Structure formats: structure tokens, C-alpha cells
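K.L.:
only the shape, not the letters, is given here:
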């Protein structure tokens, strides 16, 4: 086996090891649930739609549809949830910028909200008509930014939990003295 | 940790207020009510104690504040809806009026039937559980963002595995 293929395999293994699995599962579950109604029976679809009604306006002309059946959330929320999931997926590539992103969190969040705000405000003021693509894309920008901080936070919690579960060095040292 | 409890209760109160009845429509803007309440919980804790907390800690505070506030909002909404303040029906009727011409007839009839349905506790609670869960996730997001934004202490930022792949 060549050195470069060994390095590639090690790199892939390292990438999967760095994936924030819990954040990926949580954000993926929310995204999946939001997309499910067109594939479900009436009762189950109604449950999902009713659940997401607390966090989304679900206006018919501003929500994605599959075969004419509306998803549980609007285009922008779909973009946000997809962004949350995408951020968890590419987190291993973003972690090298973690210090910078944490230091400038305010600017990052404000900049990530700007496209959605401009897109929404322009439509409300009648300057332009936003489109499903613009709503999804601007939602995705904010979702990706928020998703980085969410994935980072969840990873911290997981690491702290693993640290508490592992036997501590001081206990081992005391045991040796006894 | 009394300070944390106070901050979480404060954040939860704001989430509850911004998730109740007509005020709850603010959550249609990227769950703004939930995110604001959870960020407030983190801000209050860091401001009161003059410290910087980790993103994970902020996420947990935000999650608890959001869950607490959402549960309170579910109860308050049920009480208000039983008293006849039906923000959900008002939204449905607004949608029906606005999209009468463009909506498929079957969808229009389904929504019209929903608007006429009486409020029942079982289905209401059943539907609310998913909303509370989603609010929790956005509460964690808001708390994580709050921890990154509100740094009142001098603790240096930990390097979070910044090595390259």
C-alpha cells in the first residue's frame, strides 16, 4: 500500500472521528421530521404539522411541497434546519477556525442574519418579491452559522460527559498508593 | 447553583411570554422568541457573575430555559384558548382569506375544517410535544450563541481541537 493511500485512509478515519454525531443526529432528526408530512398518512402528517406550528407560520405559498403536499415548515425554516444539519456535517472542516468564530461570534451571527433580513424586509416593503430559492438560501446561511455554535456546544457537552465517565487519574494514583 | 437557576427562570419567563397567544407569532421569525429568551438567560448569568462560560454550558442553560418556557406557554395557550382567545384560528382564517383563490380545494376544505374544530386537550398536548422539543433545540442554539457573545470574565478561550485534518 502506498504512503499517500495510507495517509488518505488515516485522513478519512480522522474526519469521521471528528464528526459531531449527537449534533448531526439532533439536527438531522428535526430536518427529517419537517420533510416527512408529504410521505405520511393524514393523522401522522397532522401531528408533525401541528408540532411545527409553534415555530413556523406554515403559509401555503411560502412552504415547500412534494407532490402538492406541504412540508411542515416554510422555505426559510427549511433552509435554517438544512443549514443546522450541514454545519454539523462539515464541522470537522470548520473546527480549525473555531477560535476565530468564537471570538467574532457577534459579527458572524449579525452577518448571517443579514441576507434573511434583507430578503424579508425587501418583500414586506414591496421592493422586490422574494422567491422560494432566496428564502431557502438566506435561511441556510443563518442555519449554517447557528449550526456551527450548536455543534460546538453539543460536542463540548459530549466531551465533558466522556471525561466524567472515564476513570480519573487521581483515583488511579490513590489506588496505587493503597 | 442559585445564580444559574435565577437566570434560567428569567430566560424561561421571556420564552413563555414570547410564545404565548398572539405574541407567539414572533417565533415565526426563526424561533426569535425562543432564541431571545435563551440568550437572555446566558446574558443574565454572565452579567451577574462577571464571567465567561463555555458554549456547552450556554447550550444547556438555553435548552432548559426554552423547555421551561415552552411548557409554560403550552399551559397558558390552552387556558387562553379555552377562554376564547384563539390565535390559532385567527391565523388559519387569515390564511384562508389570503389564499382562497390559489389554494387547492381539498387543502382549503381541510384548513377550514381545522378552524371549526373544537379545542380538545389530548390532541392539543400531543401536537405540543413536538413543538416543545423543537423549541428546546433552538434554545440550545440560542444559549450557545449567547455564550459566544456574552463574555464578561477574563478566562482565556480554550482551543477546541483546532488542528487540521
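P.N.:
Right, received. Where do you want to start? Just so it is clear, the structure is predicted and the values come from calculations on it, not from any experiment.
K.L.:
where does pLDDT dip in the chain?
P.N.:
You didn't pick a chain, so chain A it is. Residues of chain A meeting the criterion pLDDT under 70: A:1-4, A:6-16, A:164-178.
K.L.:
sorry, should have said chain B
P.N.:
B:1-2, B:154-165.
K.L.:
where along it do the helices fall?
P.N.:
B:2-17, B:32-49, B:55-82, B:87-98, B:105-116, B:121-149 (DSSP state H).
K.L.:
now the fourth one: buried residues?
P.N.:
The neighbour-count criterion (16 or more other CB atoms under 10 Å in any protein chain shown) identifies B:87-89, B:91-92, B:95-96 as the buried residues of helix B:87-98. For the C-beta atoms, the positions are set from N, CA and C on the backbone; glycine is no exception.
K.L.:
from chain B, which residue is nearest to chain A?
P.N.:
residue B:130 (2.6 Å; CB to the nearest CB).
K.L.:
so what's that residue closest to, chain neighbours aside?
P.N.:
residue A:51 (2.6 Å; CB to CB, 6 or more residues apart in numbering or on different chains).
K.L.:
which residues does the one you found contact?
P.N.:
By CB atoms under 8 Å, 6 or more residues apart in numbering or on different chains, the contact set of residue A:51 is A:33, A:72, B:127-131, B:133-134.
K.L.:
just the buried residues of those.
P.N.:
By 16+ other CB under 10 Å, those give A:33, A:72, B:127-128, B:130-131, B:133-134 as buried.
K.L.:
spell out which helix or strand contains the residue nearest to residue B:130, please.
P.N.:
Using DSSP states H and E, residue A:51 sits within helix A:42-52.
K.L.:
tell me what the helix or strand just after that helix is packed against?
P.N.:
Following helix A:42-52 in sequence order, the next helix or strand is strand A:65-66 (DSSP H and E). Counting contacts by 3 or more CB pairs under 8 Å, 6 or more residues apart in numbering or on different chains; DSSP states H and E, strand A:65-66 packs against no other helix or strand.
K.L.:
next secondary structure after strand A:65-66?
P.N.:
Trace forward from strand A:65-66 with DSSP H and E and the next one is strand A:69-70.
K.L.:
got the residue ranges for the helices in chain A?
P.N.:
Under DSSP H, chain A gives helices at A:3-18, A:21-35, A:42-52, A:75-89, A:91-94, A:98-103, A:105-124, A:132-165, A:169-177.
K.L.:
how close does the residue in chain A positioned nearest to chain B sit to residue A:33?
P.N.:
For chain A and chain B, the shortest gap (CB to the nearest CB) falls at residue A:51, measuring 2.6 Å. Plainly put, residue A:51 is 8 Å away from residue A:33 if you go by CB to CB, to the nearest Å.
K.L.:
shared neighbours of those two, anything?
P.N.:
The contact lists of residue A:51 and residue A:33 share A:72, B:130, where a contact means CB under 8 Å, 6+ apart.
K.L.:
tell me how far the residue of chain A closest to chain B lies from residue B:42.
P.N.:
26 Å.
K.L.:
and the most centrally placed residue in chain B, what does it touch?
P.N.:
Note on chain B: the residue nearest the mean C-alpha position is residue B:34, at 3.0 Å, using CA atoms, centre = their mean. The contact partners of residue B:34, by CB under 8 Å, 6+ apart, come to A:55, B:15, B:18-19, B:27, B:66, B:69-70, B:135, B:138-139, B:142.
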